[in-house]
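quick one, structure for this:
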Amino acid sequence: MHLVQRGINREPCFFAEEDYHCYLHWLQKSAADWGCAMHAYALMTNHVHLLVTAERADGPARLMQSLGRRYVQYINRAYKRSGSLWEGRYKSSVVQAEAYLFTCMRYIELNPVRAGMVSDPAHYRWSSYRHNGLGQADERMTLHPLYQSLGRDAEERRASYRALFRSELDDDAIDDIRLALAQSQPLGDDRFAERICAKVGVRRALPKRGRPPGKATTPDGMEEQTGFGF
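Just a heads-up that it's a prediction; the model follows:
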């Protein structure tokens, strides 16, 4: 499942290096508490992306509730503020791993590059790319079986994963991911999407691709904020 949570009114939710460390600490704790295996993440200035596999149906919701509450309490104490930090409910999309796992991982870990913050995902400290692509230790991470199939050993898997980043993510893939998040729809082929919608009892929304030339939009239709990603 791809999860996205944004700061209220597009305002920052990270203000100092310690904030990122604190969020990652509570992310690890909450993921363990609610049976969510973490495959990718990116902490941006005003929002976060997570890619998880849950052992239980309510795992992602419990994870986001627990994590969000703990982090807001920390921010409010640290900066002597009150009130909400997050913009309503988080966005989510069930992902067909066989078709979209690596696309979603690239989308998430390339967020800082699309935002113009770095030229290479390896240069950004607050994402999972250094673990998945370079082998940097990260206790929060769980290797997905499809990632493990990339090579015979860790070095070969990392090399294969880095090779996925040599080409840009195509616009159609980006649009598919954003649309799925905006509509809380499954991300996958038609058969997968129809099966998931039927299972959870929701109506499948018809895809609506395309956006006005020269405008990048966030999953809920807002234009991209330079330096913040989406």
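
all helices for the protein, in order.
17-33, 59-78, 97-109, 111-114, 129-134, 145-148, 154-163, 171-183, 190-200 (DSSP state H).

can I get those in JSON lines with mean neighbour count, mean pLDDT and distance to residue 53?
For glycine as for every other residue, the C-beta is placed from the backbone atoms N, C-alpha and C. Below are the helices of the chain laid out as JSON lines (neighbours: other C-beta atoms under 10 Å; pLDDT from 0 to 100; distance: least, C-beta to C-beta, whole Å):
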{"stretch": "helix 17-33", "mean neighbour count": "16", "mean pLDDT": "97", "distance to residue 53": "10"}
{"stretch": "helix 59-78", "mean neighbour count": "18", "mean pLDDT": "96", "distance to residue 53": "9"}
{"stretch": "helix 97-109", "mean neighbour count": "20", "mean pLDDT": "96", "distance to residue 53": "8"}
{"stretch": "helix 111-114", "mean neighbour count": "21", "mean pLDDT": "97", "distance to residue 53": "20"}
{"stretch": "helix 129-134", "mean neighbour count": "22", "mean pLDDT": "98", "distance to residue 53": "15"}
{"stretch": "helix 145-148", "mean neighbour count": "13", "mean pLDDT": "98", "distance to residue 53": "10"}
{"stretch": "helix 154-163", "mean neighbour count": "14", "mean pLDDT": "98", "distance to residue 53": "17"}
{"stretch": "helix 171-183", "mean neighbour count": "18", "mean pLDDT": "93", "distance to residue 53": "17"}
{"stretch": "helix 190-200", "mean neighbour count": "14", "mean pLDDT": "78", "distance to residue 53": "14"}
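
indicate which one of the ones you listed is closest to residue 88.
helix 59-78 (11.0 Å; C-beta to C-beta).

any idea how far residue 37 is from the residue lying farthest from the centre of the chain?
The outermost residue of the chain relative to its centre, with distances by C-alpha atoms, centre = their mean, is residue 80 at 28.5 Å. The gap separating residue 80 from residue 37 is 36 Å, by C-beta to C-beta, to the nearest Å.

so which residue is smack in the middle of the chain?
residue 49 (2.4 Å).

I'd say it and residue 42 touch.
Yes. Using C-beta atoms under 8 Å, residue 49 makes contact with residue 42 at a distance of 4.6 Å.

find residues that contact each of those two.
Common neighbours of residue 49 and residue 42, counting by C-beta atoms under 8 Å, 6 or more residues apart in numbering, are 108, 111.

got the phi and psi for residue 55?
phi -80, psi -20 (degrees, to the nearest 10).

that one: how many residues sit nearby?
9 (other C-beta atoms under 10 Å).

next up, the contacts around it.
Going by C-beta under 8 Å, 6+ apart, residue 55 touches 35, 36, 37.

specify which member of those is nearest to residue 12.
Using C-beta to C-beta, residue 36 comes nearest to residue 12 of these, at 25.1 Å.
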